[in-house]
Every structure is written in C-alpha cells, then in structure tokens.
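Asker: Have a look; sequence and predicted model below, questions after that.
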Amino acid sequence: MAVKTMPMSTGTGQYNAGWHEVTIRHATADVWTNPKGEARRYIDLLFEGYPDNMNLRIYEAKNSETGEEFKLVNLFRYAMAGIIDVLNDPTGKKPILQYDDDVTNLVETRINVFVYKNKDGYSEFFDTVAPVEQEGEHYSFTTDQVTSLKASAEKGFSKSSKSNHITNGTVAHGVPVTNTVSSEEVPF
C-alpha cells in the first residue's frame, strides 16, 4: 500500500436543490412582448455568490378576478424593498403597503429562493420567492410565516411544468419528493 493524497470537496451546496437564502446584488426591469403583441413586465435578479448566467426572472402575474398584479408586488414585499409606509384601507381591516417599485430598491435585500434541477441536470431558480425571517421598520416575517410561504411556493412548483425535474428529495406539500424525473417512472 502507498500513502496518497486527494483534494477535499470545497463545494458550498449553493446549487443543491431546495431553499437558499440569498442577497440580491443586481436587479433590472424590462418588458417582454409575445408574438401577439401582448406585453408583460419582468424583473431579472442576480445574487451574491452566483454567476451572471444563473439569474432569476420573475414575470408579472395578475389575479384573474381582481386584475391586481401580485408576483412582482410580492417580490418587493418579501424583500422589504422600497417600503415607504403602511396605510389603512377604507375598511380598516387590511393594511396596504406603499412602496417605490424602482428595482434598485431590491439590491442588497435578502430573500429565499427555491433551486431545482432542470431536465438537463442544471440548477435553476423557481420564479416564486419567499421572505427570510426578519424584522423591518413597518412589518416583520416570523418563522411560521416564512415556513407557510415556502410551503405555498412549493405547492406552486409541484403544479408547474418544472415539477417533473429533479428536486433531490426536497419537500413539496409537506411530503418528501423522491428523485424521480417524471411521473412515468412511478410504478403505480
């Protein structure tokens, strides 16, 4: 036998499937127009410690009943970015956040992002984020709220077309997900 050496793994685990707390280092906004001429706003995010080619793009989404945009609004709310004040609605039941939607307000804020492996095995970010546990000037996010919002995002992920990709045993709907790539491989 001979004495040999080998390098130790120095991986950070930042590309592993599951939830990761990240700090936004760059944010840009733009509009995408489909072939029918319909336009949708989006925000691209880059994170500290991740390369520029691993961005998170979040498109606006509107509530079908009220027409209110919620996806980009939640990004600002969860990141506690650009928050000016909390106002009372006319009924006094539901507080209303007043915020500045300039994307530069997102820089240096922290959020939780969900990483999954795409069909080619590369890590990608799912487009629904969650807050981190923190106290802000106008409102806070508790551990229970963060856990609930992560579970809701995971439910959205499991309903999306991306859910057929590898999730490395991460949790969706509170039930461990196996490392199957598609439902066709499930024996029942």
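Answerer: Noted; the coordinates are in hand. Numbering: from 1, shown residues only.
Asker: Pretty sure W19 sits against V113.
Answerer: Yes. Using Cβ atoms under 8 Å, W19 is in contact with V113, at 7.3 Å. (Each C-beta comes from the backbone N, C-alpha and C, glycine too.)
Asker: secondary structure class for R77?
Answerer: helix (DSSP: H, G, I helix; E, B strand; the rest coil).
Asker: Without its sequence neighbours, what residue ends up closest to it?
Answerer: L97 (6.1 Å; Cβ to Cβ, 6 or more residues apart in numbering).
Asker: Which strands or helices does the lengthiest helix in the chain pack on?
Answerer: When the chain is scanned for its longest helix (criterion: DSSP state H), the result is helix 143-159. Contacts defined by 3 or more Cβ pairs under 8 Å, 6 or more residues apart in numbering; DSSP states H and E place helix 143-159 against strand 110-117, strand 171-172.
Asker: Comparing those strands, which stretch has the densest surroundings?
Answerer: Neighbour counts (mean count of other Cβ atoms under 10 Å) averaged over each of these peak at strand 110-117, with a mean of 21.
Asker: Output the contacting helices and strands for it.
Answerer: strand 18-33, helix 71-79, strand 123-125, helix 143-159.
Asker: mean confidence for it?
Answerer: Across strand 110-117, pLDDT averages out at 96.
Asker: Please save the CA atoms from that strand in CSV.
Answerer: Extracted in CSV, the C-alpha atoms of strand 110-117 (Å, rounded to 0.1, in the frame of the first residue of the first chain):
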residue,chain,number,x,y,z
ARG,A,110,-32.4,39.1,1.2
ILE,A,111,-35.0,36.6,0.1
ASN,A,112,-35.4,32.8,0.0
VAL,A,113,-35.2,31.2,-3.4
PHE,A,114,-36.1,27.6,-4.5
VAL,A,115,-33.5,25.8,-6.6
TYR,A,116,-34.4,22.8,-8.7
LYS,A,117,-32.5,20.8,-11.3
